[in-house]
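[1] Pasting the sequence and the predicted coordinates here, then a few questions.
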Amino acid sequence: MILEFIQALWNTSTELAPSLVLGLLLAGFLHVFVKKDRILSHLGKPGLASSAKAALVGVPLPLCSCGVLPAALGLRRDGASRGAVTSFLISTPQTGVDSVAVTWAILGWPVALAKVVAAFVAGVLGGTIVDNTDSSLEKRETAPVCTEIETGSFPRRIWNYSFNGLFKDIYGWLVLGISISALITTVLEPGQLSRYPVLSGPMGLLAALVIGIPLYVCSVSSVPIAAGLIYAGFPVGSALVFLMAGPATNAATMGAVRKTLGTRVFFIYLLTVIIISLAAGGMLNSLSVPVFRAYHSVHDMNSITGLLSGIAGLLLLLGIAWFAFKDTSDHRLKASEKKNSERTQIFRIEGMKCSMCETSITSALEKLPGILNVSSSASEDKAVIALDGSGRFNKDNAVQIIRKLGYDVGKV
């Protein structure tokens, strides 16, 4: 069974990798060349138009639930209406060019199209309801948001955003998604759960909803899990429900939405995702849509397509291993720094929201003399600097550099 599981891991990786790489590169291209100030200028007036524009902006963006909230708060701070922000929060984590590419490759274009349309409709509906039921004066969000300081050539910026940023943020969830999919295909026979007629109707949709709502998965890693559900015998509509509810809702995101936008917006957000996902799943079941199931097949490595898929799958696994090694090294560095606190300097940094923030701060601080290593953490709002003991490190210079990047430095 172990060998079967390893084979399933490899098959899923080779099916997912080519479209994932293409989607990541396209996401980097959009990030570098799409002007964000133009986007913000269209989202300020409450109503259907702003919600529709916010959904159009959100659908192609490759932000999962871990990154969509600070981006949404940035829209809010810059003048977007509450409805537009809600529309963005609903539509964005479900899709993204990388996720759509992977869905198309593994589940086929009908499912990919259904996911995009359902995410757009849910975003517009939720945003419009929020604006039409909001009688209070709007209060703009002024919390600090992700500051992006980017330099270098266009190809370098695209690469950094796509792989050092996006891929680094989602690789852990990819491991989870690929592993769950491989486990399902190893333990269950094809279509085994289809023996239970109850799962082919509304109960199957509700089961997928119950699985998806609390689970923290990004839109890319949810695809192999959805493919595993179909393999096990769930109807395609149930897979669509999971593809929508999994990325759009989880305990952490829902709590943050309720805290930042209020209880009323939170319930509209949650109910919209539930209702639209169930409706879309039911419609997809009624259409008898065929689904690709090549993700668990064995590639012919003698063919050009099989060879390219194998290379892409190998690069995907090497990338996962690389970032896992770096994260492990960072944890070890932090443990070592705790034992040698006299040779470390810790800065509390306000405004870090993502891996791009971590990269810009780390790169800038590492250029200072007297430093062995720098570890920046957006989740902990701090940067830990390991000193070489030479006494050349200047704390004031480090503070100035951090502030020049657009961040505030507080006390630890």
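    Sure thing, it's come through. Model, not experiment: these values are computed from the prediction.
[2] where do the strands sit along the stretch 201-350 of the chain?
    344-350 (DSSP state E, counting those that start in this stretch).
[3] for Glu221, what are its contacts?
    Residue 221: Ser, not Glu. Under the criterion of C-beta atoms under 8 Å, 6 or more residues apart in numbering, the neighbours of Ser221 are Ile170, Trp173, Leu174, Leu176, Gly177, Ile178. The way it works is simple: take the backbone N, C-alpha and C, and place the C-beta from them, glycine included.
[4] same deal with Phe5?
    When contacts are counted by C-beta under 8 Å, 6+ apart, Phe5 touches Ala182, Leu183, Thr186.
[5] could you flag which of those are buried?
    Ala182, Thr186 (16 or more other C-beta atoms under 10 Å).
[6] Averaged pLDDT, stretch 331-347. What do you get?
    Computed over stretch 331-347, the mean pLDDT rounds to 65.
[7] Same check on stretch 50-58?
    Averaging pLDDT along stretch 50-58 gives 85.
[8] tell me the SS of Val409?
    At Val409, secondary structure determined by DSSP: H, G, I helix; E, B strand; the rest coil is strand.
[9] Is it in contact with Gln345, as I believe?
    No: the pair Val409 and Gln345 does not pass the contact test of C-beta atoms under 8 Å, sitting 11.5 Å apart.
[10] Of the contacts of Ser221, just say which sits nearest to Thr103.
    Gly177 (12.2 Å; C-beta to C-beta).
[11] Check whether that closest one really touches Ala227, as I assumed.
    No: using C-beta under 8 Å, Gly177 is not in contact with Ala227, being 9.4 Å away.
[12] Neighbour count: those two, which is higher?
    Neighbour count, other C-beta atoms under 10 Å: between Gly177 and Ala227, Ala227 has more, with 29 against 26.
[13] before we move on, the earlier item: show only the entries of the contacts of Phe5 found in strands.
    Within the contacts of Phe5, no residue falls in strands by DSSP state E.
[14] Return the member of the contacts of Phe5 nearest to Gly282.
    Distance ranking of these against Gly282, using C-beta to C-beta, places Leu183 first at 27.8 Å.
[15] In contact with the closest one, which residues?
    By C-beta under 8 Å, 6+ apart, Leu183 lies in contact with Phe5, Ala8, Gly228.
[16] Quick check: can you list the domain ranges of the chain?
    In terms of domains, the chain is parsed into 2-312, 340-410 (source: automatic domain parsing).
[17] Just name the closest of the contacts of Leu183 to Leu314, please.
    For these, the residue nearest Leu314 by C-beta to C-beta is Ala8; the value is 16.1 Å.
[18] Look up how far Trp322 lies from the spatially closest residue to the closest one that is not a sequence neighbour.
    Among residues not flanking Ala8 along the chain, Ala182 sits closest, at 3.7 Å (C-beta to C-beta, 6 or more residues apart in numbering). Ala182 sits 21 Å away from Trp322, taking C-beta to C-beta, to the nearest Å as the criterion.
[19] leaving aside the residues next to it on the chain, what's closest to Leu125?
    Thr272 (5.7 Å).
[20] Then Ala364?
    In space, and not counting its chain neighbours, Ala364 is closest to Ile401: 5.1 Å by C-beta to C-beta, 6+ apart.
[21] Quick check, pLDDT for that neighbour.
    Note for Ile401: predicted pLDDT of 87.
[22] wait, is it part of a helix?
    Yes: under three-state DSSP, Ile401 falls within a helix.
[23] can you count the residues close to it?
    Neighbours around Ile401, by other C-beta under 10 Å: 16.
[24] and what of Val223?
    Using other C-beta under 10 Å, Val223 has 39 neighbouring residues.
[25] Can you give me the distance of it to Arg343?
    On the measure of C-beta to C-beta, Val223 and Arg343 end up 45 Å apart.
[26] Report the buried residues of the helix or strand where Val130 lies.
    For Val130, the element it lies in under DSSP states H and E is helix 109-132. By 16+ other C-beta under 10 Å, the buried positions in helix 109-132 come out as 110-112, 114-116, 118-131.
[27] got any ranges where the stretch 51-200 of the chain has weak pLDDT?
    63-79, 135-152, 189-194, 198 (pLDDT under 70).
[28] ok so, going back, among the domains of the chain, single out whichever gets nearest to Asp330.
    Checking the domains of the chain against Asp330 by C-beta to C-beta gives domain 340-410 as the closest, at 5.1 Å.
[29] Tell me how far that closest one lies from the chain's centre.
    Remark: domain 340-410 is offset 26 Å from the chain centroid, using C-alpha atoms, centre = their mean, to the nearest Å.
[30] Likewise for stretch 265-275?
    Distance, centroid of stretch 265-275 to centroid of chain: 20 Å (C-alpha atoms, centre = their mean).
[31] May I have that stretch exported as PDB, CA atoms only?
    The C-alpha trace of stretch 265-275 is given here as PDB (Å, rounded to 0.1, in the frame of the first residue of the first chain):
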ATOM      1  CA  VAL A 265     -21.600  41.300   6.600                       C
ATOM      2  CA  PHE A 266     -20.200  38.100   8.000                       C
ATOM      3  CA  PHE A 267     -23.500  36.300   7.800                       C
ATOM      4  CA  ILE A 268     -24.200  37.700   4.300                       C
ATOM      5  CA  TYR A 269     -20.700  36.500   3.300                       C
ATOM      6  CA  LEU A 270     -21.200  33.000   4.700                       C
ATOM      7  CA  LEU A 271     -24.800  32.500   3.600                       C
ATOM      8  CA  THR A 272     -24.000  33.700   0.000                       C
ATOM      9  CA  VAL A 273     -21.100  31.100  -0.300                       C
ATOM     10  CA  ILE A 274     -23.400  28.300   1.100                       C
ATOM     11  CA  ILE A 275     -26.400  29.100  -1.100                       C
END
